[in-house]
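Trainee: sharing a model that was predicted from the sequence below.
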2 protein chains.
Amino acid sequence: MNQKSTKQTLGRVVKGTEMPDLTRDFSPEQLAKAITAKRTGMKLKLVDVAEALTISKPTLVKIEKGDINVKLSNILKVMEYLGLTFSIISDNLTQNHTEGTSDDEWY
Amino acid sequence: MNQKSTKQTLGRVVKGTEMPDLTRDFSPEQLAKAITAKRTGMKLKLVDVAEALTISKPTLVKIEKGDINVKLSNILKVMEYLGLTFSIISDNLTQNHTEGTSDDEWY
DNA sequence: TACAAAAGTAAATTATAGTTAACTTATATG
DNA sequence: CATATAAGTTAACTATAATTTACTTTTGTA
C-alpha cells in the first residue's frame, strides 16, 4: 500500500508527488512534476490555483500532465504563483565571445 | 554610429544583439534576447530557422519580441535548435522537506 | 546613396488552445 | 466500504495563436 509515496495529514487529499531532481536536464515532464510537487507541497487544490489565476481546470491539468501545447503565459502564471521560475542555459558552443566592440559580457 | 553594438562580417546582415545576463532573474524579455543573440551569433537568418523548424516567420518574430502568447512547444523547438535550454528553479520557501516516508530527495 | 537582403508588419483565413459544464475516476477518511 | 472531496476527462463552443501572402522598414555594403 505504498508504491510511490503518499502523505495523509491535516487537510484532505494529499497524494504527494515528490519534487523532481531539478539538477537534471530540462524536460516538459520535469516541469510538470515540479509544478504538481510545488502545488501539493503547498497544499493547494488544483481548482483553487486555477481559480486564483483565472485559468480553467482542464488547462491546469494539461500543464500538470506535461502537455507543451499550452500558452507560455499560462505556464508562467502558474509558476510564478507557486514560486517557481526558469533560468536560461546556453550551451556556449557556437558563439563569438566578446568579439568586436561589445560592452556587456554574456552568461 | 554605434549606440548598442553592431558587427558586420563575412555574411550579410549581422545586427548583433548581445547575450543578456543569464544570471539575472528570468523574464520573457531575457528569453527573447537570448534567442535572438544565439541565432545571430550563429549567423542564422530568422527565416531559415523558421523554415527549419516549420514554424512561420511571424511566430518566430513574436518569440524574439518576447511575446508570451505563444505555444510553449514552439519556444522549445527554437531553443533546442539554438542550443538553449531551461533550468527550473524553486524558491524552496513553502515545502515539507523530506517529511514522512519519502525515498527521493528533492532539489 | 542606391541596392539587396533580412527583419518586421498587416490582414484574411485556418487551426487549435482555452473555456464551460457535466460527468467519471481516484483518493482519503469516517 | 460508504461517503466526500479532489483530480481528471469529455464534448461543444469560443477565443485566439499560427499560417499565408504581400507589403514596409531597416540595415549593411558596394
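Mentor: Thanks, I have it. Numbers count the residues shown, from 1 in each chain, chains lettered A, B, ... in the order given.
Trainee: not counting its neighbours along the chain, what's nearest A:G83?
Mentor: Excluding its sequence neighbours, the residue lying closest to A:G83 (Cβ to Cβ, 6 or more residues apart in numbering or on different chains) is B:D91, at 4.0 Å. Every residue, glycine included, has its C-beta placed from N, CA and C.
Trainee: now that neighbour: how far from A:L84?
Mentor: Between B:D91 and A:L84 the computed distance is 7 Å (Cβ to Cβ, to the nearest Å).
Trainee: looking at those two, which is more packed in?
Mentor: Using other Cβ atoms under 10 Å in any protein chain shown as the criterion, B:D91 and A:L84 rank with A:L84 on top: 22 against 11.
Trainee: what pLDDT is listed against the more buried one?
Mentor: Here, the pLDDT recorded for A:L84 equals 98.
Trainee: state the phi and psi torsions of it.
Mentor: With angles defined as degrees, to the nearest 10, A:L84 sits at phi -120, psi 150.
Trainee: that one and chain B: what is the separation?
Mentor: Here the criterion is Cβ to the nearest Cβ, to the nearest Å. By it, A:L84 lies 6 Å from chain B.
Trainee: from memory that residue sits against B:N92, does it?
Mentor: No - contact between A:L84 and B:N92 fails when scored by Cβ atoms under 8 Å: they sit 10.3 Å apart.
Trainee: who touches both of those two?
Mentor: Counting by Cβ atoms under 8 Å, 6 or more residues apart in numbering or on different chains, A:L84 and B:N92 have no contacts in common.
Trainee: and the residue in chain A that DNA strand D sits nearest to, how far from chain B?
Mentor: Residue nearest to DNA strand D within chain A: A:L46 (3.3 Å; Cβ to the nearest atom of the strand). Separation of A:L46 from chain B (Cβ to the nearest Cβ) stands at 16 Å.
Trainee: all set now, cheers.
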